[in-house]
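Visitor: Predicted model follows, preceded by the sequence.
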Amino acid sequence: MDVLELLGNLTSVRVTGTSGARLLLDVAGAAGWIWIVEERAGIAVQIDVNNVSDAWLRKTSLLLGAGDDTEEFCLILDGGKVWLYRTYSLAMTPVEWEANLGLLMTVAHFLANNAARKIERAVVGGVGRLA
């Protein structure tokens, strides 16, 4: 199945254009993009955060990379925007894609709504734990 056909089968995704090798997306109402490399798809969604500090970026990156899975999330800074990025196998079914994109959006919303405040508070407290 080619990428456009795959994306056409997903209810939460709409292709909005192209930018170089990227297909620009609307993912459940958020700006996003997909980049295909071999049998993998890297998908990024924009996190709605303003004026993030270097400390927030460092601590959020560490939080996202703390999982055991080698395909965990990461942050990308591009064009003054913060993007949440993760890679996926192109062999997933549409149901698996929808579930994984739902998780991607949940993490993006969590970071936009909660993580910045909690991570900054952890730095001030000096405890070294996220509370």
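Guide: Happy to help now that I have it. Numbers count the residues shown, from 1 in each chain.

Visitor: How many residues are close by V45?
Guide: 24 (other Cβ atoms under 10 Å). Glycine gets a C-beta too; all of them are placed from N, C-alpha and C.

Visitor: repeat for P94
Guide: 14.

Visitor: Show me what V15 is bridged to.
Guide: Beta-bridge pairing for V15 (DSSP bridges): L25.

Visitor: quick thing: my sequence starts at 45, can you match it?
Guide: Got it, first residue is 45 now, which makes that one V59.

Visitor: how close does it sit to V96?
Guide: According to Cβ to Cβ, to the nearest Å, V59 stands 28 Å off from V96.

Visitor: same check, this time on A143
Guide: Going from A143 to V96 by Cβ to Cβ gives 28 Å.

Visitor: Comparing those two, which shows the higher neighbour count?
Guide: V96 (17 against 12).

Visitor: What strand or helix carries that one?
Guide: Using DSSP states H and E, V96 sits in no helix or strand.

Visitor: Apart from its chain neighbours, what residue comes closest to the residue nearest to the spatial centre of the chain?
Guide: The geometric centre of the chain, computed from its C-alpha atoms, lies nearest to L128 (Cα atoms, centre = their mean), at 2.6 Å. Among residues not flanking L128 along the chain, A152 sits closest, at 4.7 Å (Cβ to Cβ, 6 or more residues apart in numbering).

Visitor: ok, and for the one helix or strand the one you found maps to, which residues are buried?
Guide: Taking DSSP H and E as the criterion, A152 maps to helix 138-154. For helix 138-154, a neighbour-count test (16 or more other Cβ atoms under 10 Å) marks 141-142, 144-145, 148-149, 151-153 as buried.
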